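Trainee: Pasting a predicted model and its sequence here:
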Amino acid sequence: MTIEVELAGIGKRFPGVIANHDVSLRIRPGTVHALIGENGAGKSTLMKILYGVQPADEGTISVDGQHRSFASPTDAIEVGIGMVFQHFMLADNLTVLENIVLGAEKLHGIGDGARTRIKEISARFGFGLEPDQLVERLGVADRQRVEILKVLYRGAELIILDEPTAVLVPQEVDALFSNLRELVADGCSVLFISHKLDEVLAIADDITVMRRGTTVGTADPRTATKHQLAELMVGSELPSPETSERTVTDQVVLALDGVTVTDDLGRDRLTDVSLAVHRGEVVGIAGVEGNGQTELVEVVMGMLRAASGRITLDGQDITRLSTRKVRELGVGFVPEDRHRHGLVLDFPLWENRILGHQTKPPVVKGPLLNPAGARTDARRIVEEFDVRTPGIGTTARALSGGNQQKFIVGREMSGDPILLIASHPTRGVDVGAQAAIWDHVRAARREGLGVLLVSADLDELIGLSDRIEVVLRGRLTGTFDPSQVTAQDLGAAMTGGSAA
């Protein structure tokens, strides 16, 4: 059984914003249909409408030629539409089986029937998952397979994948694409949302391009190029992270010496890490998610305490300092999870300008907060960093992911920092926002900032970094010269296949 899904004339408005206007696309049975577009193009709103998260104001959704109206995701699932969100929705302390059957206990129970069904699906599509595995022990690629298995278990025949390769290394992307081809061969359809145009061209059977809330064209992946797709998306050339000039100085701005971080159970998350970042240098950190890069960032920021070792910033010992003190000494921080650590989504932009900077001008005047100064500087960031928003009174939640990220980068580049820690700065943003963020990182480097760059985008690491360190199981296991390394080399080193 396969289904054909068609959206026609879809429109959706929010106060002051037209999110979708006259959007139309058709997903053929047994195909991978890629949907691409810049942040704010309306892709997320369209997917929420298709999955029943919110209603359309106008237009129709047809499944196998019959008009359908979805009041909730349950309605979408009942006709065979499932969605895997970019941010996984799994409980780490539960098994694969428990995560999959949660909320769907009536289908096959919670015992042998469910276990048998999960094993069948996993084997059919080459997922290699065991029902009794604890999710906390799975890597990011296997967690994604659990999410896909979860919607297949509920009977999905069209699977919406939102940025599915954002945190995968090249070898894991190849494995995912192999899984998707098995799904398609079995009659499923996939709606593939991505900003990685080379991957879109590699996996898609059809491509639809959105810009400014509407569909602006389609492309045939057999004949289209990345440059043509980029021009359709944003009306400009495809950006490159490549950096030609060298600005590294001899002055060390950040140094870690033998730093070890342990968790609550006494297990090492970082082990004996020594690292230096110089002024004018971008040091890239490459690693499969969960191998210690998050702990590396958080121990420098004072969010975690080192069990041993020493951290200095511009020669000053910051090993035991609070996050507030670290920031006051001149550290800008772009967190990996902008919603959790970067923004208060229901605050207006001008109040988000204050976050993390609440002790420094222009957002304070003497001992008091300075709302006027925060508003003025928020306007500067919006203009200087091309943040697309109706105004600084707009809540952060109302902005697209790319515009949220540009605002955070602008805020963290304010106040003359000496070190910028950027963790996945372009994750989930379009090529236009990506190019803008790359330009700001290059500008920071030229101005003498040290930059610690953590990214799952290996081309980004290679293009922007002066040196790349690989972290594996909490240890730095290799140093690479970006001018001589390939993404495949890094991917192998990140998974333990080789060392520098």
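Mentor: Thanks, I have the structure now.
Trainee: Please name the residues that touch Leu46.
Mentor: Counting by CB atoms under 8 Å, 6 or more residues apart in numbering, Leu46 makes contact with Leu7, Ile10, Lys12, Asn20, Val23, Leu35, Met210. No exception for glycine: its C-beta is placed from N, CA and C like everyone else's.
Trainee: got those residues as a markdown table, with distance to Glu120, secondary structure and neighbour count columns?
Mentor: Output for the contacts of Leu46, formatted as a markdown table (distance: CB to CB, whole Å; DSSP: H, G, I helix; E, B strand; the rest coil; neighbours: other CB atoms under 10 Å):
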| residue | distance to Glu120 | secondary structure | neighbour count |
| --- | --- | --- | --- |
| Leu7 | 32 | strand | 21 |
| Ile10 | 36 | strand | 26 |
| Lys12 | 38 | strand | 22 |
| Asn20 | 38 | strand | 26 |
| Val23 | 37 | strand | 26 |
| Leu35 | 30 | strand | 27 |
| Met210 | 37 | strand | 24 |
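Trainee: Of these, which is the nearest to Val200?
Mentor: Closest to Val200 out of those is Leu35 (9.2 Å), distances taken as CB to CB.
Trainee: what's the distance between the closest one and Ala276?
Mentor: Per CB to CB, to the nearest Å, Leu35 is found 43 Å from Ala276.
Trainee: Poorly predicted segments of the protein, please.
Mentor: Across the chain, residues meeting the criterion (pLDDT under 70) sit at 1, 105-111, 235-240, 242, 244, 428, 430, 497-500.
Trainee: which SS class is the most centrally placed residue in it?
Mentor: Residue closest to the mean C-alpha point of the chain, counted by CA atoms, centre = their mean, is Arg427 at 3.5 Å. Under DSSP: H, G, I helix; E, B strand; the rest coil, Arg427 falls in the coil class.
Trainee: list the contacts for it?
Mentor: So Arg427 contacts Ala166, Val167, Glu336, Ser455, Ala456, Asp457 (CB under 8 Å, 6+ apart).
Trainee: Columns neighbour count on top of those, output as a markdown table?
Mentor: Output for the contacts of Arg427, formatted as a markdown table (neighbours: other CB atoms under 10 Å):
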| residue | neighbour count |
| --- | --- |
| Ala166 | 20 |
| Val167 | 23 |
| Glu336 | 21 |
| Ser455 | 25 |
| Ala456 | 23 |
| Asp457 | 22 |
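Trainee: Domains of this protein: list them as residue ranges, please.
Mentor: Domains of the chain are assigned by automatic domain parsing as 5-234, 252-494.
Trainee: As TSV, these with distance to Arg246 would be great.
Mentor: Below are these laid out as TSV (distance: least, CB to CB, whole Å):
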stretch	distance to Arg246
domain 5-234	27
domain 252-494	7
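Trainee: Quick one: closest of those to Pro241.
Mentor: Per CB to CB, nearest to Pro241 of those: domain 252-494, 2.9 Å.
Trainee: gap between the two ends of the closest one?
Mentor: In domain 252-494, first residue to last residue: 26 Å (CA to CA, to the nearest Å).
Trainee: Return the distance of Ser455 relative to Asn403.
Mentor: Counting by CB to CB, the gap from Ser455 to Asn403 is 20 Å.
Trainee: Over to Ala8?
Mentor: Taken as CB to CB, the span from Ala8 to Asn403 is 28 Å.
Trainee: So for these two, which residue has more residues nearby?
Mentor: When neighbours are counted by other CB atoms under 10 Å, Ala8 and Asn403 differ, and Asn403 comes out ahead with 23 against 15.
Trainee: Can you tell me how far the residue in the chain sticking out farthest from the centre is from Ile354?
Mentor: Here the chain reaches farthest from its C-alpha mean at Gly366, the gap being 38.1 Å by CA atoms, centre = their mean. Distance of Gly366 to Ile354, given as CB to CB: 15 Å.
Trainee: Identify, from the contacts of Arg427, the entry nearest to Arg115.
Mentor: Val167 (28.2 Å).
Trainee: That closest one reaches Ala456, doesn't it?
Mentor: Yes - counting by CB atoms under 8 Å, Val167 does reach Ala456; the two are 4.8 Å apart.
Trainee: what residues do those two have in common as contacts?
Mentor: Glu289, Arg427.
Trainee: so where does the nearest residue to Pro371 once chain neighbours are set aside fall, helix or strand?
Mentor: Spatial nearest neighbour of Pro371, excluding adjacent residues (CB to CB, 6 or more residues apart in numbering): Trp350 at 7.3 Å. Assigned by DSSP states H and E, Trp350 belongs to helix 349-352.
Trainee: and for that helix, what are the contacting residues?
Mentor: Outside of helix 349-352, the residues within contact range by CB under 8 Å, 6+ apart are 343-344, 371, 374-375, 378, 382, 387, 389, 391-396, 399, 407, 411.
Trainee: Could you do stretch 364-382 as well?
Mentor: 349-354, 358, 361-363, 387, 389, 392, 407, 410-411, 414.
Trainee: Just the buried ones among these, please.
Mentor: Using 16 or more other CB atoms under 10 Å as the burial test, the contacts of stretch 364-382 include 349-354, 362-363, 387, 389, 392, 407, 410-411, 414 as buried.
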